[in-house]
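Asks: Just need the structure, nothing else, for what follows:
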Amino acid sequence: MSSPTRRTVLRGLALAAAASAAPLPAFASATSPSAGGYVPPLRQMRGMWIASVVNINWPSKPGLTVEQQKAEYLAWLDLAQARRLNSVFVQIRPTADAFWPSPYEPWSEYLTGTQGQDPGYDPLAFLVEETHRRGLTFHAWFNPYRVSMQPDPAKLHPDHPGRKHPDWIIPYGGKIYYNPGLPEVRAFVQDAMMDAVTRYDIDGLHFDDYFYPVNTTAFDDAAAFAKYGQGFPDLAAWRRNNVDLLVSEMQQRVLAAKPEVAWGISPSGIWRNKSTDPLGSDTGGSQSYDNLHADTRGWVKKGWLDYIAPQIYWYIGQSNADYAKLVPWWSGVAAGTGTELWIGQAAYKAGAAGQPAEWFRPDELTNHLTLNRSHPEVGGDIWYNSADVRDDRIGSVTRTVAAHYTRPALPPLLPRLAHGRAPERPVLVWAKRGSGGVELRIQARGHETPFQYAVFRLDRPARPGDFDDAGNLVALVPATGKQVRWVDSDGGGNSHYYVTAVDRVSRQSAPSDVRRAH
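Replies: As a prediction, the model looks like this:
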């Protein structure tokens, strides 16, 4: 999503079909003891990006039938569950277009091959419904300013806003962008994205790392700067303020419209280098503050985001951008702010042709998560991208899952939502042993059905602290109705079961009364 290397990888991945997941290697079961005495946290972001731009992941190519598109997406959900993830970040507005019937922008060409052509169903409604059916959370991934992956405005749909308002767009570097310096553009892109937020039951609004494409006057916004840039010391400061306005205004609009939606950004991993700014990291790479006009550190410190997920796409020990230096730096930025810190992980580099030898170490990625454990500010990881999570070229993903995802995990609970009303404690009707294991029957209390149930299994009655982490958590069961059935194939005669109800933002009820397998 940020570096030239990444863009090369994206183009290569666009050629790979995503129609069916390869057979997945086995990994530790939910009942495996935690390695080295490590007890996984109860809540942890475990996400993956599913990219739609140039058909990188889904749909694997334009023009598939509705049934084929749906089958492909279900295969990605299968993969997420097999890797014991709990969230997906799906790109639904990659190039000023839409994966839903938007009144603002045309249907995406990546669905049918023709921009503006109705795909015959509502993809976003399907994506959200099926994701929730699996008990996974759905984060809608938007690119705010990119209009087209080609430079000719005449190739946009005739009704595209960029055709109707040619003064809104700027061709640059073989692509077309909306001009972030125009107040009417900033308002429009917010309206276009908020349409999906208000009309669909999404769990998060997510930006990637693209704002201004590069720090150069070749991106021709001189007229807008002359009109709106008075009072700023230079072009860069004005551009940075434009992005700041987008970020702060998006926060306010999300809070006003749907306060339980998580709002966050996944920027490139370096804010500024220490050689440029004493507050920066001990690195020597591209700086988002200067090159993309994105003051990522400032957004966190000002409290404008629910979470930030920096793309720390470098190996441990890399000379110009060391993972082992960047995670502590970002942890220090996030500490005490109330902003969640999740790490963007470069699954796309592991075992990939052309990468340095360090990316051929099967334990590189698992070592990243081990390092994260020393920094309590890190609340989880998002993997780029889903094809690499599936392909697992040198077994690095399998190794990471086996070491770190030994138990299920609830998604993070945003601090600003922690004090809201939790679900009512459920009723565990019974726990009956049978030939296939122990069958649990769980029933919701009250009028509302929770999002899912967390099932805890102990070999004794519960004690204080037994529900504080995932050490006894054996399953997250989607609440598909007021009463659900789940079979614990590993349960035994001495098993004591407790169940909590969990809502969509990860608030958890008190545990049910105990039921012992009989």
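
Asks: Only alpha carbons, please: show stretch 509-518 as CSV.
Replies: Output for stretch 509-518, consisting of C-alpha atoms alone and laid out as CSV, is shown next (Å, rounded to 0.1, in the frame of the first residue of the first chain):
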residue,chain,number,x,y,z
SER,A,509,-21.6,-10.0,29.6
ALA,A,510,-21.0,-11.7,32.9
PRO,A,511,-20.6,-15.5,32.6
SER,A,512,-23.5,-17.8,32.7
ASP,A,513,-24.1,-20.3,35.5
VAL,A,514,-21.8,-23.3,35.2
ARG,A,515,-22.8,-26.5,33.4
ARG,A,516,-20.8,-29.6,33.9
ALA,A,517,-20.7,-32.1,31.0
HIS,A,518,-22.9,-35.1,31.8
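
Asks: What residues of it count as buried?
Replies: Across stretch 509-518, burial judged by 16 or more other Cβ atoms under 10 Å covers 509, 511-512, 515, 517. All C-beta spots, glycine's among them, are computed from the backbone N, C-alpha and C.

Asks: if we look at it, which residues are touching it?
Replies: Outside of stretch 509-518, the residues that reach it under the criterion Cβ atoms under 8 Å, 6 or more residues apart in numbering are 422-433, 438, 440, 442, 450, 456, 461-462, 467, 491-502.

Asks: If you average the pLDDT over it, what comes out?
Replies: Mean per-residue pLDDT for stretch 509-518: 95.

Asks: of the contacts of stretch 509-518, buried ones?
Replies: Those of the contacts of stretch 509-518 that meet the buried threshold are 422-423, 425-428, 431, 438, 440, 442, 450, 456, 467, 491, 495-502, by 16+ other Cβ under 10 Å.

Asks: Residue 154 should be in a helix, yeah?
Replies: Yes - going by DSSP: H, G, I helix; E, B strand; the rest coil, the assignment for residue 154 places it inside a helix.

Asks: mind checking how far it is from residue 111?
Replies: 21 Å (Cβ to Cβ, to the nearest Å).

Asks: What of residue 504?
Replies: When residue 504 is compared with residue 111 (using Cβ to Cβ), they lie 27 Å apart.

Asks: quick one, which of the two is more surrounded?
Replies: Neighbour comparison, residue 504 and residue 111: the larger count goes to residue 111, with 25 against 17 (by other Cβ atoms under 10 Å).

Asks: wait, isn't that one in contact with residue 124?
Replies: No - under the criterion of Cβ atoms under 8 Å, residue 111 lies out of contact with residue 124, with a separation of 10.9 Å.

Asks: so what's the spatially most central residue of the chain up against?
Replies: The centre of the chain sits closest to residue 89, judged by Cα atoms, centre = their mean, with a distance of 3.9 Å. Each residue near residue 89 by Cβ under 8 Å, 6+ apart is listed here: 47-50, 139, 141, 204, 206, 382.

Asks: State the helix or strand in which it lies.
Replies: For residue 89, the element it lies in under DSSP states H and E is strand 87-93.

Asks: now the helices for the stretch 251-400 of the chain?
Replies: Along the stretch 251-400 of the chain, counting by DSSP state H, counting those that start in this stretch, helices occupy 288-291, 296-301, 323-334, 364-372, 386-391, 396-404.

Asks: how many other residues sit next to the closest residue to residue 144 other than its chain neighbours?
Replies: Sequence neighbours aside, residue 189 is the residue nearest to residue 144 in space, at 5.2 Å (criterion: Cβ to Cβ, 6 or more residues apart in numbering). The burial count assigned to residue 189 is 25, neighbours taken as other Cβ under 10 Å.

Asks: Secondary structure class of residue 189, three-state.
Replies: Once three-state DSSP is applied, residue 189 turns out helix.

Asks: can you check residue 248 too?
Replies: The assignment at residue 248 comes out as helix when based on three-state DSSP.
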